[in-house]
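Participant: predicted model and sequence follow; I will ask about them next.
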Amino acid sequence: MLRDERYWWRLGEPISILRESCLVKWLGMGISPVTVAEWAGVTRSWLALRYPHCFRTETVEIDWDHLAEAMALPDSPRP
């Protein structure tokens, strides 16, 4: 098997590396993931799965009471 046949899937890699480095840079600069996803033409969940290291959660304080209230199931009426 020729070298080119083994690495055909890497064709165009330098462009994708530049794209990925731009996405990481934008996320690192604090640009909203919503904006970065829109610029890149991808979903926000794709960004979170692809670049989890860009989303720092240790500095974020979560209001657990508000989260529990927002996620609570509604009371069902009793028959």
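Facilitator: Cool, the structure landed.

Participant: secondary structure class for D65?
Facilitator: Put simply, D65 is helix when judged by DSSP: H, G, I helix; E, B strand; the rest coil.

Participant: same question for V42.
Facilitator: Secondary structure state of V42, per three-state DSSP, is coil.

Participant: how much space between it and W26?
Facilitator: 12 Å (Cβ to Cβ, to the nearest Å). Glycine gets a C-beta too; all of them are placed from N, C-alpha and C.

Participant: the more surrounded of these two?
Facilitator: More crowded of V42 and W26, by other Cβ atoms under 10 Å: W26, with 18 against 13.

Participant: residues contacting the more buried one?
Facilitator: Contacts for W26 were tallied using Cβ atoms under 8 Å, 6 or more residues apart in numbering; they are 35-36, 39.

Participant: secondary structure and neighbour count for those residues - can I get that in TSV?
Facilitator: Converted to TSV, those look like this (DSSP: H, G, I helix; E, B strand; the rest coil; neighbours: other Cβ atoms under 10 Å):
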residue	secondary structure	neighbour count
T35	helix	11
V36	helix	21
W39	helix	12
